[in-house]
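**Q** Structure for this input, please:
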Amino acid sequence: MNDTVGAGRHRGRPRRRRWIGAAVAVAVAGVLVTGALVGDDAFSDTGDTVRLDEGGGRARGAPVDALTQLPTGPAPELRIAATIPEDGSKVLVTTLAGKKSGFTGKVWLWLPPQYKEARYAHSGFPVMIALPGGPGFPVNYWMDRNLKLEASISAWSRDGSSLPFILAMPVLNPRTDGKEGLYWDGSDIPGQPKMGTWLTEDVPDLVRSAFRTIKSRDGWAFMGSSTGGFAGLKAVLQKPDRFKAVIAGGPDILPDSRLWRGYPREKLENSPPELARRLIDRNGPEVYLAFQVGTKGSDVRCRPQVENFIRQYGTGPVKTRFHVDEGGGHNARTYVPGMHDGALIQWVSAHMRGPVPGG
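**A** Numbering: from 1, shown residues only. Alright, predicted model coming up:
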């Protein structure tokens, strides 16, 4: 497949659409981290360590309400990886040794500009875990400022289209897929690195350790493309007590890693149709699943699978929304604007909780 995105392009197997991450080379100009400006001399701070002014449960002042979770600490070591030119905000990066999964990998983090505003100084912010497709290693391509995910969330949150989400962008797989198209399906496959636990437990714990978040599932969501869309979709259906919504672009619907061979029961436990059926049978809790597909390339084959899933399982507590990106393909240049053009980010935001201004 030759759909392009930035400096990268897709590559897929017959049964599955995958991404090759966009090249990530980022020069940086100064500014926003938590409550203060950090190094505002343009193009001078890439790799600089960020000193958080809160952490370890010692955020300044009492939380604005009972659902605000102050940083639990200990504060992770964060370095500046990129600057978003549209507003000067920073993409940060850290190496996380997952205590629950046992996997160690990189996570990129971004704070919306509202995070540093005085009116929200004691408020928790919603978190969106953004997952790439393709190898998803050694980088998560959503940290690339050229794909404009951060700039878009920043702009949409200013005009009221979106909540001001904190973005967490972890690696998706434990290593590159090589030539054989090897993926871990964002799951705990027996005998393999526990990537499901990494994505749904270790990464949220990292965000909670560093930043003000929201205690309830109303403050936690996923977004992703291709296999990252599958992983986010599966995570919300598998752990609806922890996550409320997902925006999935050109997602796979079924797990199909060859690593499942010999583990049919475990594979079924990570299948979105089966998880949705069980959620419907027990009548909740409600989840909000937003899908989008383009009309070119591999999304042509993806569309019927998404539509069939919605027809079969978009009922009861499984709330769905679907957008077709006319003229778009299986790439970030389609999916980022499609989040807004298809009213997906607006719909998800309307069913989640944002920061509460303090007195």
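**Q** which residue is nearest the middle of the chain?
**A** Ala130 (1.6 Å; Cα atoms, centre = their mean).
**Q** tell me the SS of that one?
**A** At Ala130 the chain is in strand, as set by DSSP: H, G, I helix; E, B strand; the rest coil.
**Q** Phi and psi next, for Ala248.
**A** Backbone torsions for Ala248, taken as degrees, to the nearest 10, come to phi -120, psi 120.
**Q** and what of Arg278?
**A** For Arg278, the backbone dihedrals (degrees, to the nearest 10) come out as phi -70, psi -40.
**Q** heads up, I number from 40, so please use that
**A** Got it, first residue is 40 now, which makes that one Arg317.
**Q** Relative to Thr359, how far out is it?
**A** Per Cβ to Cβ, to the nearest Å, Arg317 is found 16 Å from Thr359. Every residue, glycine included, has its C-beta placed from N, CA and C.
**Q** For those two, indicate the residue with more neighbours.
**A** Neighbours around Arg317 and Thr359, counted as other Cβ atoms under 10 Å, are more numerous at Thr359. The numbers are 18 against 12.
**Q** Near the closest residue in space to the more buried one that isn't next to it in sequence, how many residues? Count them for me, please.
**A** Spatial nearest neighbour of Thr359, excluding adjacent residues (Cβ to Cβ, 6 or more residues apart in numbering): Gly353 at 3.8 Å. Number of residues near Gly353 (other Cβ under 10 Å) recorded here: 17.
**Q** what's the answer for Gly199, then?
**A** Other residues close to Gly199 by other Cβ under 10 Å number 9.
**Q** what does Arg350 give?
**A** Arg350 - counted by other Cβ under 10 Å - has 10 other residues nearby.
**Q** now do Thr133
**A** Thr133 has 17 nearby residues by other Cβ under 10 Å.
**Q** List the buried residues in the helix or strand harbouring it.
**A** Element membership for Thr133, per DSSP states H and E: strand 129-136. Buried residues in strand 129-136, defined by neighbour count with 16 or more other Cβ atoms under 10 Å: 129-133, 135.
**Q** Let's have the residues you listed in CSV, adding pLDDT and distance to Glu325.
**A** Shown next, in CSV, are the buried residues of strand 129-136 (pLDDT from 0 to 100; distance: Cβ to Cβ, whole Å):
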residue, pLDDT, distance to Glu325
Lys129, 95, 34
Val130, 97, 32
Leu131, 97, 33
Val132, 98, 34
Thr133, 98, 33
Leu135, 98, 30
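**Q** tell me which of those residues is nearest to Gly367?
**A** Nearest to Gly367 among those is Val130, at 24.9 Å by Cβ to Cβ.
**Q** Show me the beta-bridge partners of that closest one.
**A** Beta bridges link Val130 to Ala121, Trp149, judged by DSSP bridges.
**Q** From what I see, it and Lys145 are in contact.
**A** No - counting by Cβ atoms under 8 Å, Val130 does not reach Lys145; the two are 11.7 Å apart.
**Q** For Ile228, grab the count of nearby residues.
**A** Neighbour count of Ile228, defined by other Cβ under 10 Å: 22.
**Q** I'd like the distance from the residue lying closest to it once chain neighbours are set aside to Pro232, if you could.
**A** The shortest distance from Ile228 to any residue other than its chain neighbours is 4.7 Å, reached at Leu298 (Cβ to Cβ, 6+ apart). Per Cβ to Cβ, Leu298 is found 10 Å from Pro232.
**Q** Phe261 too?
**A** From Phe261 to Pro232 the distance is 19 Å (Cβ to Cβ).
**Q** more crowded one of these two?
**A** Phe261 (28 against 19).
**Q** For the more buried one, list the residues it contacts.
**A** 167-170, 270-272, 274-275, 282, 284-287 (Cβ atoms under 8 Å, 6 or more residues apart in numbering).
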